[in-house]
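Enquirer: need coordinates for the following:
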Amino acid sequence: MIRILTAAAVAALIAAPASAQTVRISLDGKSSAQVQADIAKAAKKVCAQAVVGASFPREMYASCLKFAVADANAKLGAQSQVAASN
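Expert: Numbering: from 1, shown residues only. This is a model prediction of the structure:
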């Protein structure tokens, strides 16, 4: 039984990125803490919409939130490196 639940949870998490959404966050005049708060707020909003009707919404939400924040921070870091090299 545990294997079936684990397999179903993994399948639900793999399907989550297929419904990816994009949210733009303005960085103008914001501190690092403010940007992180905006990233978390946007991730919560997107992930709350993404788990509607999911078989395992709590697990999917937690995974989505973790991935979305990490992805946004990676993009922010890449953008900062490009800006610094110009």
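
Enquirer: if we look at stretch 40-52, which residues are touching it?
Expert: 16, 19, 21, 23, 25, 57, 60-61, 64-65, 68-69, 72 (Cβ atoms under 8 Å, 6 or more residues apart in numbering). Placement of C-beta: from N, CA and C, glycine included.

Enquirer: so which helix or strand takes in the residue nearest to residue 26 when sequence neighbours are not counted?
Expert: Residue nearest to residue 26 in three dimensions, not counting chain neighbours: residue 38, with 8.0 Å by Cβ to Cβ, 6 or more residues apart in numbering. Assessed by DSSP states H and E, residue 38 sits inside helix 32-50.

Enquirer: which is the next helix or strand following that helix?
Expert: helix 57-85.

Enquirer: what residue is smack in the middle of this protein?
Expert: residue 68 (1.4 Å; Cα atoms, centre = their mean).

Enquirer: distance of it from residue 84?
Expert: Taking Cβ to Cβ, to the nearest Å as the measure, residue 68 falls 25 Å from residue 84.

Enquirer: likewise for residue 42?
Expert: Computed as Cβ to Cβ, the residue 42 to residue 84 distance reads 24 Å.

Enquirer: and these two? Which one has more around it.
Expert: residue 42 (18 against 7; other Cβ atoms under 10 Å).

Enquirer: which pLDDT value goes with that one?
Expert: At residue 42, the pLDDT value in this model is 91.

Enquirer: ok, now the one 10 residues further on?
Expert: At residue 52, the predicted lDDT confidence score is 88.

Enquirer: give me the neighbour count for it.
Expert: 8.

Enquirer: same check, this time on the one 5 residues further on
Expert: Residues near residue 57, counting by other Cβ under 10 Å, number 16.

Enquirer: wait, what's in contact with it?
Expert: residue 51.

Enquirer: still on that earlier bit, what's the closest non-adjacent residue to the residue nearest to the centre of the chain?
Expert: Nearest non-adjacent residue to residue 68 (Cβ to Cβ, 6+ apart): residue 43, at 3.8 Å.
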